[in-house]
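Asker: coords below, sequence missing:
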């Protein structure tokens, strides 16, 4: 643990203790006035002065404390029986050092200071320890709870201490005012909390040099959950890396909860649900820690508040990438290194983050499965990816290629290839799955159909296309009726030349249609060559290459079919009449001819399926973040779920 003397506005943290800017320091040899550093309001100064002066007077007046401790009472006897598995110390056993701070997260009911054991008969003689004085009833409950947890794990105390802050014992100080004081004596681990690590410019290489990454450490991570307890208070301020034994340690387990608190059978359904809920709560906390470790911008309170608000509103965590891209922007002054880290290995980081932050506890990943995830294993420990991770990697790669916006033939061939692979491994082929996942707002990423590209074409109207969205609404829960609305934003540049300022005049094109959804099949490869309708796009050589890939040794183990199929299950879409509406922010001075030219240019640039929704014939892939629809000419449209207005889309 590292407690410091007067320093100008640092943020010092250790052993899960968050030392905010309200840091003070004084010698504890006499009840002298305290000297504060940092900025204090009058109310804060009085509150901290009252709490800390009381603790220092108690620490300095050891003789009066000892007389109080020696006085027998029913309360003391009961406390000793309850905490008989740890050592009960006296204040006279310690030499108080001059390093002081308020407690975890700036709690006013905790005062933390260092000391050395001066009792020669103690096995901790001359050992530096941390004294955490707990004044309020709630704080004392946390301290006693931490000792109770130690009692439950006493048989494997050494393993427990290797990853958690060691608890040596306690000091109980009865007070004349009726409210006693409880002091927790725990280990000094010589380090800061994880929040302090993240505030260092070179935190990552220093962390890698400090932390021991071995299989023994991995086995200890799931220790608390395997012994029927959940921490329930995992956060940056409560986690630290100790350079003494090179282990990650969590703070005092003052809020740890039992899976079977009432002593019921652990195999019962209620106990299993309770266990799952508590483990899922810890894993969600780890998700927030991981996000702030990787994405440094989340240390900004405003950005982190937006991040938490996104999850609180019930949006799917699989869409976090789109949120962060919009929040941080692609030209962030930080260079977005966190987003690049999460994008590596086919987006494995985003996959793990979405599993840790999943809204339903049953969908969150367990601790052991998280340790086996490709994002954490990396090149050091190779793992066999699951089908879910393979699907995620295919979708992430297709998304990244589409964002490059360099649609030369190699990129187009790769995108079409990845879309074909996704369709073959569609996890939700039945219409009932589509009725649950399809409603929402989707953003068009790519179309395998005709592309204009860079040409010398002189358009009748200079139009720039913005975002293209497809909003799907379920009209009735009892019927498979869906309402589709394609929304195209664009801007018009007036004049014969393209201006440097591309702001232009904004416009909007909306196309509405209703669809009925039924089960169907999409002909794939083994088709009758004489058939008129071909629902695939690409040459026969690319189809044969795809068939050969799926029948190879690598893919044979994971494909859901033994023989390459001639058709795939799909969601058939039957459209009714369409309604097209175009509006402008500026009426273009009533120039009807100009409006017609704009409409013609829109039809030229956007995929025909977006302008005429009736040309959408089936859906071939859908999950929580990606969607693939096929048009009547066989072209595929790849969409990404947009988190905006997902629950209120109309």
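Answerer: Yep, it's here. Please read these numbers as outputs of a predicted model, since none were measured by experiment.
Asker: Would you mark the buried spots in stretch 199-212?
Answerer: For stretch 199-212, a neighbour-count test (16 or more other CB atoms under 10 Å) marks 203, 207 as buried. From N, CA and C alone the C-beta is placed, and that goes for glycine too.
Asker: Low-confidence bits of the stretch 501-650 of the chain, can you list those?
Answerer: 524-565, 590, 644-650 (pLDDT under 70).
Asker: Please enumerate the helices of it.
Answerer: Per DSSP state H, counting those that start in this stretch, the stretch 501-650 of the chain carries helices over the ranges 540-550, 553-556, 592-605, 608-611.
Asker: What of the stretch 151-300 of the chain?
Answerer: 157-163, 194-198, 203-210, 215-221, 223-226, 269-294.
Asker: Packing partners of the fifth one?
Answerer: Think helix 223-226. Under the contact criterion of 3 or more CB pairs under 8 Å, 6 or more residues apart in numbering; DSSP states H and E, helix 223-226 touches helix 157-163.
Asker: before we move on, back to that, determine which stretch of the helices of the stretch 151-300 of the chain is the most buried.
Answerer: For the helices of the stretch 151-300 of the chain, the largest average neighbour count (mean count of other CB atoms under 10 Å) is found in helix 194-198, namely a mean of 21.
Asker: starting at the chain centroid, how far to that helix?
Answerer: 17 Å (CA atoms, centre = their mean, to the nearest Å).
Asker: I'd like the average pLDDT over that helix.
Answerer: Regarding helix 194-198, the rounded mean pLDDT is 81.
Asker: Return the member of the helices of the stretch 151-300 of the chain having the minimum mean pLDDT.
Answerer: helix 157-163 (a mean of 60).
Asker: After the helix or strand containing residue 413, which helix or strand is next?
Answerer: According to DSSP states H and E, residue 413 maps onto helix 409-424. As assigned by DSSP H and E, the chain's next helix or strand after helix 409-424 is helix 431-437.
Asker: which residues sit against the next helix-or-strand element following that following helix?
Answerer: Per DSSP H and E, helix 431-437 leads on to strand 440-447 as the next helix or strand towards the C-terminus. Among residues not part of strand 440-447, those counted as contacts by CB atoms under 8 Å, 6 or more residues apart in numbering are 322, 398-399, 401-403, 415, 467-472, 607, 609-610, 627, 635-642, 644-646, 649.
Asker: What strands flank strand 440-447, and is each parallel or antiparallel?
Answerer: strand 462-474 (antiparallel), strand 636-642 (antiparallel) (DSSP bridges).
Asker: Same list (these) but as TSV, adding mean neighbour count and distance to residue 198.
Answerer: Listed next are the strands paired with strand 440-447 as TSV, based on neighbours: other CB atoms under 10 Å; distance: least, CB to CB, whole Å:
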stretch	mean neighbour count	distance to residue 198
strand 462-474	18	34
strand 636-642	23	30
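Asker: okay, now residue 183: neighbour count?
Answerer: Residue 183 sits with 25 neighbouring residues when counted by other CB atoms under 10 Å.
Asker: Spatially nearest residue to it (excluding sequence neighbours)?
Answerer: Distance criterion CB to CB, 6 or more residues apart in numbering; nearest residue to residue 183, sequence neighbours excluded, is residue 171 at 3.9 Å.
Asker: Return the residues in contact with the one you found.
Answerer: Shown here is residue 171, whose contacts under the criterion CB under 8 Å, 6+ apart are 88, 89, 90, 91, 131, 182, 183, 185.
Asker: Between the helices of the stretch 151-300 of the chain, which one is closest to residue 236.
Answerer: Closest approach to residue 236 among those (CB to CB): helix 194-198, 3.9 Å.
Asker: Counting by contacts, list what the closest one packs against.
Answerer: If contacts are counted by 3+ CB pairs under 8 Å, 6+ apart, helix 194-198 sits against strand 13-14, helix 203-210, strand 239-242, helix 269-294.
Asker: could the helices of the stretch 151-300 of the chain be laid out in JSON lines, adding distance to residue 509?
Answerer: Conversion of these to JSON lines gives the following (distance: least, CB to CB, whole Å):
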{"stretch": "helix 157-163", "distance to residue 509": "58"}
{"stretch": "helix 194-198", "distance to residue 509": "46"}
{"stretch": "helix 203-210", "distance to residue 509": "47"}
{"stretch": "helix 215-221", "distance to residue 509": "53"}
{"stretch": "helix 223-226", "distance to residue 509": "53"}
{"stretch": "helix 269-294", "distance to residue 509": "37"}
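Asker: For residue 125, find the nearest of these.
Answerer: Across the helices of the stretch 151-300 of the chain, closest to residue 125 is helix 157-163 (CB to CB), at 18.7 Å.
Asker: thinking again about what came up before, tell me what the helix holding residue 413 is packed against?
Answerer: helix 387-404, helix 540-550, strand 616-622, strand 626-631, strand 636-642.
Asker: export the helices and strands packed on helix 194-198 to a markdown table and tack on distance to residue 576?
Answerer: Output for the helices and strands packed on helix 194-198, formatted as a markdown table (distance: least, CB to CB, whole Å):
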| stretch | distance to residue 576 |
| --- | --- |
| strand 13-14 | 62 |
| helix 203-210 | 56 |
| strand 239-242 | 56 |
| helix 269-294 | 43 |
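Asker: Low-confidence bits of the stretch 301-450 of the chain, can you list those?
Answerer: Low-confidence segments of the stretch 301-450 of the chain (pLDDT under 70): 330-335, 379-380.
Asker: Please repeat the previous calculation with a cut-off of 80.
Answerer: The stretch 301-450 of the chain contains residues with pLDDT under 80 at 329-335, 378-382, 405-407.
Asker: Of all the helices and strands packed on helix 194-198, which one is nearest residue 194?
Answerer: strand 239-242 (4.4 Å).
Asker: same for the closest one, what does it pack against?
Answerer: Packing partners of strand 239-242 (3+ CB pairs under 8 Å, 6+ apart): helix 194-198, strand 247-250.
Asker: number of nearby residues for residue 481?
Answerer: Counted with other CB under 10 Å, residues neighbouring residue 481 total 15.
Asker: Buried residues, the helix holding residue 413. List them.
Answerer: Of all the residues in helix 409-424, those buried under the rule 16+ other CB under 10 Å are 415, 416, 417, 418, 419, 420, 421, 422, 423, 424.
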